[in-house]
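>>> This is a predicted model, with the sequence first.
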Amino acid sequence: MNSQPKSVVSDLEQAHSQDIETITRLLAKISNRSPSEIKPHLNTMLLQLVQPSTERPFYETATASEWVTAFREWAASHRHDAPPLSDYAVSRSSMYEDERL
C-alpha cells in the first residue's frame with residue numbers, strides 16, 4: 001500500500017468494497033440517512049484511521065523540566081489581579097452550607 005493516506009483509503013475501498021458497502025448500508029439504516037450521506041463520513045473516518053500519527057502527545061514525550069516549564073507558563077497565563085477569597089469563602093462551613101438546611 002502507498003504511504004499517502006488518500007491512496008491508502010482508495011486501496012482499502014477497492015480491496016474491501018463489499019465490506020465498506022455493508023458498513024455504509026448498516027450506518028444508513030441505523031441513522032436513517034441515505035448511503036450518499038453516509039459515504040463522506042465513512043471516508044473521513046477511514047482517512048483518520050489510516051493516517052500515520054506523526055506527532056506523539058506532549059504528555060508522552062515531555063521531560064520533567066518541560067512539564068515544569070509548561071505548568072509555569074500555564075499558571076502565568078491566568079489573571080493575577082483578582083481579589084483574594086475571604087476566609088469564610090474557603091471555609092468548610094461555607095462549602096457545606098446547603099447540607100445544614
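Received it, and whenever you're ready, just let me know what you need.
>>> next helix or strand past the strand or helix carrying residue 60?
Secondary structure here is read from DSSP states H and E; on that basis residue 60 sits in helix 58-61. Past helix 58-61, further along toward the C-terminus, the next helix or strand under DSSP H and E is helix 64-76.
>>> Name the residues that touch the helix holding residue 60?
The set of residues that contact helix 58-61 without belonging to it, under CB atoms under 8 Å, 6 or more residues apart in numbering, is 66, 70. All C-beta spots, glycine's among them, are computed from the backbone N, C-alpha and C.
>>> per-residue confidence averaged over that helix?
In this model, helix 58-61 has an average pLDDT of 90.
>>> So residue 85: helix, strand or coil?
Three states are possible here, and by DSSP: H, G, I helix; E, B strand; the rest coil the one that applies to residue 85 is coil.
>>> Torsion angles phi and psi at it?
Note on residue 85: backbone dihedrals following degrees, to the nearest 10 are phi -80, psi 150.
>>> and what of the one 4 residues further on?
Here the main-chain torsion angles of residue 89 (degrees, to the nearest 10) amount to phi -60, psi -30.
>>> If you tally nearby residues, what's the number for it?
Using other CB atoms under 10 Å, the number of residues around residue 89 comes to 9.
>>> roughly how far apart are it and residue 40?
As defined by CB to CB, to the nearest Å, residue 89 lies at a distance of 52 Å from residue 40.
>>> low-confidence ranges in the protein?
1-5, 52-54, 99-101 (pLDDT under 70).
>>> One more pass at 90, please.
In the prediction, the chain carries residues with pLDDT under 90 at positions 1-17, 39, 42-57, 60, 78-83, 93-101.
>>> Okay, helices next: where are they in the chain?
Secondary structure of the chain (DSSP state H): helices at 5-15, 17-31, 35-50, 58-61, 64-76, 92-95.
>>> Distance check, residue 95 against residue 84.
For residue 95, the distance to residue 84 under the criterion CB to CB works out to 17 Å.
>>> Compare the two and say which one has the larger neighbour count.
Neighbours per residue (other CB under 10 Å) separate residue 95 from residue 84, with residue 95 holding more: 10 against 7.
>>> Quick check: the gap between the spatially closest residue to residue 42 that is not a sequence neighbour and residue 47.
Closest residue in space to residue 42, ignoring its immediate chain neighbours: residue 24 at 6.0 Å, by CB to CB, 6 or more residues apart in numbering. The span separating residue 24 from residue 47 equals 15 Å under the rule CB to CB.
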